[in-house]
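K.L.:
no FASTA, just this:
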Ligand code: SF4
């Protein structure tokens with residue numbers, strides 16, 4: 001192992017990312033204060049292109065919840081939601097977000113907001129999980145605004161034409177309802193343009209993540225979960241494209257100069273599941289100290305929608321948002337993971353079993369054993385949670401990770 005001090009090598013683009021995100025929140029703040037634009041709340045893999053094409057500013061409660069997690073304040077808020085009857089076992093994004101709201105606090109106060117921006121409509125897609133409906137229902141009732149959504153089946157094995165048609169019909173059914181809130185007519189050409197921007201942004205995001213196939217990798221998981229913010233909240237806008245061109249250029253430069261994301265890359269790891277937001281920096285430093293780069297994850301890859309097609313905006317949206325890893329059957333997931341292990345030359349896998357996000361914990365039904373039988377890539381399971389720090393033992397996890405990496409070194 002390296003004797004270098006644990007180090008995080010910051011991407012120079014981070015400052016531009018900060019400006020890009022500040023500008024996004026400023027647009028929301030202006031819309032909220034001046035009421036010159038409508039505001040929609042949307043799930044992170046929801047139909048954002050429809051919303052941007054209809055002139056909404058779009059706010060993402062999951063992005064907000066991750067900010068709460070990263071601020072290490074989630075455990076201050078979760079009990080407030082549980083006191084309202086929300087179980088501590090359900091999504092801690094939901095409980096920390098609702099808890100913060102009930103306590104009249106938000107990390108956005110640092111950006112000049114007094115509260116989260118008031119929604120005119122809330123729009124979900126259950127492609128990721130069903131919790132989002134319960135989460136958004138709370139706010140729809142509170143603000144007395146419409147709750148609209150797309151109900152996608154889970155564990156989709158085959159993407160049959162029936163499945164795609166039913167989801168595409170649901171996308172179309174949103175249009176008249178959104179027109180009423182937006183007080184403007186839907187414009188198919190504008191929607192096509194927004195899909196095109198989304199397609200371009202996703203293609204850049206894909207290229208960015210794929211730079212990690214290089215050895216050494218110029219980017220790691222911890223960079224990607226920070227730099228994915230624009231593809232989550234500005235997908236379908238020029239803002240995301242502009243930022244990702246800058247980030248990609250920096251990564252290409254790093255590849256050219258053999259600059260790696262960690263000071264020394266001996267081991268290449270796949271991270272499965274949610275980030276542990278309140279310990280992100282500590283975990284990043286730990287892997288760096290262990291000469292290990294987390295080169296890929298299905299989490300950051302979730303915002304690559306390469307089936308979007310402006311020529312068939314509704315059908316391609318239905319396909320892209322249902323083809324998503326989290327929606328699929330375990331057999332499909334197994335194949336995707338096996339391919340990733342090979343494409344990214346992975347030496348070991350970390351499965352983060354997130355206590356309150358079952359949909360993003362893939363080691364609950366023996367998938368990890370089945371993959372190991374096929375590719376013999378060693379794996380480690382750690383227990384934790386994205387926001388609820390009571391579910392994570394840092395001491396135990398550090399010992400387990402250090403031991404795991406030591407074992408990997410004996411295989412080299
Ligand atoms: S996917 Fe997981 S983290 Fe995201 S909203 Fe659903 S339960 Fe919460």
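P.N.:
Arrived safely. Values in this document were obtained by computation on a predicted structure and should not be read as measured data. Numbering: from 1, shown residues only.

K.L.:
the residue nearest to residue 98 when sequence neighbours are not counted: neighbour count?
P.N.:
Nearest non-adjacent residue to residue 98, counting by Cβ to Cβ, 6 or more residues apart in numbering: residue 81, 4.5 Å away. For every residue, glycine as well, the C-beta is placed using N, CA and C. A total of 24 residues lie near residue 81 under the criterion other Cβ atoms under 10 Å.

K.L.:
contacting residues for residue 81?
P.N.:
94-96, 98-99, 102 (Cβ atoms under 8 Å, 6 or more residues apart in numbering).

K.L.:
part of a helix, is it?
P.N.:
Yes. Using DSSP: H, G, I helix; E, B strand; the rest coil, the assignment for residue 81 is a helix.

K.L.:
distance-wise, check it relative to residue 345.
P.N.:
Residue 81 sits 42 Å away from residue 345, taking Cβ to Cβ, to the nearest Å as the criterion.

K.L.:
hmm, back to that, put the buried members of the contacts of residue 81 into a PyMOL selection.
P.N.:
A single PyMOL command selects the buried members of the contacts of residue 81 (16 or more other Cβ atoms under 10 Å):
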select buried, resi 94+95+96+98+99
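
K.L.:
next step: the contacts of residue 81 restricted to helices.
P.N.:
Judged by DSSP state H, helices contain the following of these: 94-96, 98-99, 102.

K.L.:
returning to that earlier point: return the member of the contacts of residue 81 nearest to the ligand.
P.N.:
residue 94 (6.1 Å; Cβ to the nearest ligand atom).

K.L.:
give me the phi and psi for the closest residue to the closest one other than its chain neighbours.
P.N.:
Distance criterion Cβ to Cβ, 6+ apart; nearest residue to residue 94, sequence neighbours excluded, is residue 135 at 4.3 Å. When quoted as degrees, to the nearest 10, the phi and psi of residue 135 stand at phi -60, psi -50.

K.L.:
can you report how many residues lie near residue 135?
P.N.:
26.

K.L.:
ok, now which ones touch it?
P.N.:
61, 91, 93-94, 97-98.

K.L.:
again, but for residue 365
P.N.:
So residue 365 contacts residue 330 (Cβ under 8 Å, 6+ apart).

K.L.:
what about it, which SS state?
P.N.:
coil.

K.L.:
distance of residue 230 relative to the ligand?
P.N.:
Distance of residue 230 to the ligand, given as Cβ to the nearest ligand atom, to the nearest Å: 19 Å.

K.L.:
give me the element the nearest residue to that residue once chain neighbours are set aside is part of.
P.N.:
Distance criterion Cβ to Cβ, 6+ apart; nearest residue to residue 230, sequence neighbours excluded, is residue 240 at 4.2 Å. Counting by DSSP states H and E, the element that carries residue 240 is helix 238-256.

K.L.:
how about that helix: buried residues?
P.N.:
239-241, 243-244, 247-248, 250-251, 254-255.

K.L.:
hey, where'd the helices end up in the stretch 1-150 of the chain?
P.N.:
Ranges of helices in the stretch 1-150 of the chain, per DSSP state H, counting those that start in this stretch, are 14-34, 48-53, 61-70, 74-83, 92-102, 131-143.

K.L.:
what angle sits between the last one and helix 74-83?
P.N.:
Going back to what we said before, that points to helix 131-143. Per axes from the mean of the first three to the mean of the last three Cα atoms, to 10 degrees, the angle that helix 131-143 makes with helix 74-83 is 70 degrees.

K.L.:
give me the buried positions along helix 131-143.
P.N.:
Quick answer for helix 131-143 (16+ other Cβ under 10 Å): 131-133, 135-136, 138-140.

K.L.:
stretch 375-395 too?
P.N.:
Neighbour counts over stretch 375-395 (16+ other Cβ under 10 Å) mark 377, 379-389, 391-392 as buried.

K.L.:
start to end distance for it?
P.N.:
In stretch 375-395, first residue to last residue: 30 Å (Cα to Cα, to the nearest Å).

K.L.:
for that stretch, what is the average pLDDT?
P.N.:
The predicted model assigns stretch 375-395 a mean pLDDT of 98.

K.L.:
tell me the gap between that stretch and the middle of its chain.
P.N.:
18 Å (Cα atoms, centre = their mean, to the nearest Å).

K.L.:
one step back: out of the ones in helices among the contacts of residue 81, who's nearest residue 281?
P.N.:
Within those, the smallest distance to residue 281 is 18.7 Å, found for residue 96 (Cβ to Cβ).

K.L.:
re earlier: can you put the buried residues of helix 238-256 in TSV and add pLDDT?
P.N.:
What follows is the buried residues of helix 238-256, written out as TSV (pLDDT from 0 to 100):
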residue	pLDDT
239	98
240	98
241	98
243	98
244	98
247	98
248	98
250	98
251	98
254	98
255	98
